[in-house]
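Chemist: Following is a predicted model, sequence given first.
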Amino acid sequence: SAVISQKPSRDICQRGTSLTIQCQVDSQVTMMFWYRQQPGQSLTLIATANQGSEATYESGFVIDKFPISRPNLTFSTLTVSNMSPEDSSIYLCSVSRDRETQYFGPGTRLLVL
Amino acid sequence: AQSVAQPEDQVNVAEGNPLTVKCTYSVSGNPYLFWYVQYPNRGLQFLLKYITGDNLVKGSYGFEAEFNKSQTSFHLKKPSALVSDSALYFCAVRALNNAGNMLTFGGGTRLMVKP
């Protein structure tokens, strides 16, 4: 497994502002992912964070809204830009070493007013 | 397309009784299947996975899952439920995307274990 931390654990933000979420892993991992879990819903993949190159976004998610960085093999950030109440969700990062099993961080609970 | 269905939004079971949380999948090629659990205000915890081999997979906290290829199912089971097992359970199937191994999740099943 892996020890994964996310910062902040929760936040309340005003619409129109941006929030950057950090994901830190205790050791190097091959892959890092960002998911969104809207209230009462399942998880949806936002993007795969690629080390040293642009993230790969899933359908319905764009870089201007959710810019992602991955400067090394243990750290990634997700920014939620120009937030609206519809962005209120839990944002989770996950990591994989073996390209099979993903392990998830504790999540960041975001409320946009 | 790859998909996972969890037909029950909620499963209620008495403590000490066996529990089953259902999952069916649709995938082209070999399925890689996973179960995760989410406790209140927590992230997802990995329980178990099926990649290949024995159809009965054992995982954390006494849980196990049975892969049934003919029925395209991967039901989660536990012989004796505990109140502390009450949580949200997600089944997931591995799909391939451009950058690697995307997980597609089911809608989740809330397990309620009553004393």
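Modeler: That came through, no problem.

Chemist: which of the residues in stretch A:86-104 are buried?
Modeler: Buried residues in stretch A:86-104, counted by 16 or more other C-beta atoms under 10 Å in any protein chain shown: A:87-97, A:101-104. Using the backbone N, CA and C atoms, a C-beta is placed for each residue, glycine as well.

Chemist: outside of stretch B:73-88, which residues touch it?
Modeler: B:13-25, B:31, B:33, B:35, B:37-40, B:47, B:50, B:61-68, B:89, B:91, B:108-115 (C-beta atoms under 8 Å, 6 or more residues apart in numbering or on different chains).

Chemist: For the buried residues of stretch A:86-104, work out which two are farthest apart.
Modeler: A:88 and A:97 (31.6 Å; C-beta to C-beta).

Chemist: Next, the spatially most central residue of chain A: phi, psi?
Modeler: For chain A, the residue nearest the mean C-alpha position is residue A:34 (3.5 Å; C-alpha atoms, centre = their mean). Dihedral angles of residue A:34 (phi, psi; degrees, to the nearest 10) stand at phi -120, psi 130.

Chemist: Kindly provide the distance from it to residue A:110.
Modeler: Per C-beta to C-beta, to the nearest Å, residue A:34 is found 13 Å from residue A:110.

Chemist: Between those two, which contacts overlap?
Modeler: Residues touching both residue A:34 and residue A:110 by C-beta under 8 Å, 6+ apart: residue A:91.

Chemist: Stretch B:64-84: end-to-end distance?
Modeler: Length of stretch B:64-84, first residue to last, C-alpha to C-alpha, to the nearest Å: 16 Å.

Chemist: Ok, stretch B:74-85 next?
Modeler: Terminal residues of stretch B:74-85 lie 19 Å apart, using C-alpha to C-alpha.

Chemist: And for stretch A:63-82?
Modeler: Taking C-alpha to C-alpha, the first and last residues of stretch A:63-82 lie 12 Å apart.

Chemist: Identify each buried residue in it, please.
Modeler: A:65-70, A:73-74, A:76-78, A:80-81.

Chemist: mind listing the strands for chain A?
Modeler: Along chain A, the segments classed as strands by DSSP state E run A:4-7, A:10-13, A:19-25, A:31-37, A:43-49, A:56-57, A:68-72, A:75-80, A:89-96, A:103-104, A:108-112.

Chemist: Can you add distance to chain B and mean pLDDT and give those strands back as JSON lines?
Modeler: Below are the strands of chain A laid out as JSON lines (distance: least, C-beta to the nearest C-beta, whole Å; pLDDT from 0 to 100):
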{"stretch": "strand A:4-7", "distance to chain B": "8", "mean pLDDT": "96"}
{"stretch": "strand A:10-13", "distance to chain B": "9", "mean pLDDT": "97"}
{"stretch": "strand A:19-25", "distance to chain B": "11", "mean pLDDT": "98"}
{"stretch": "strand A:31-37", "distance to chain B": "5", "mean pLDDT": "95"}
{"stretch": "strand A:43-49", "distance to chain B": "4", "mean pLDDT": "94"}
{"stretch": "strand A:56-57", "distance to chain B": "4", "mean pLDDT": "92"}
{"stretch": "strand A:68-72", "distance to chain B": "11", "mean pLDDT": "95"}
{"stretch": "strand A:75-80", "distance to chain B": "13", "mean pLDDT": "97"}
{"stretch": "strand A:89-96", "distance to chain B": "6", "mean pLDDT": "95"}
{"stretch": "strand A:103-104", "distance to chain B": "4", "mean pLDDT": "94"}
{"stretch": "strand A:108-112", "distance to chain B": "8", "mean pLDDT": "97"}
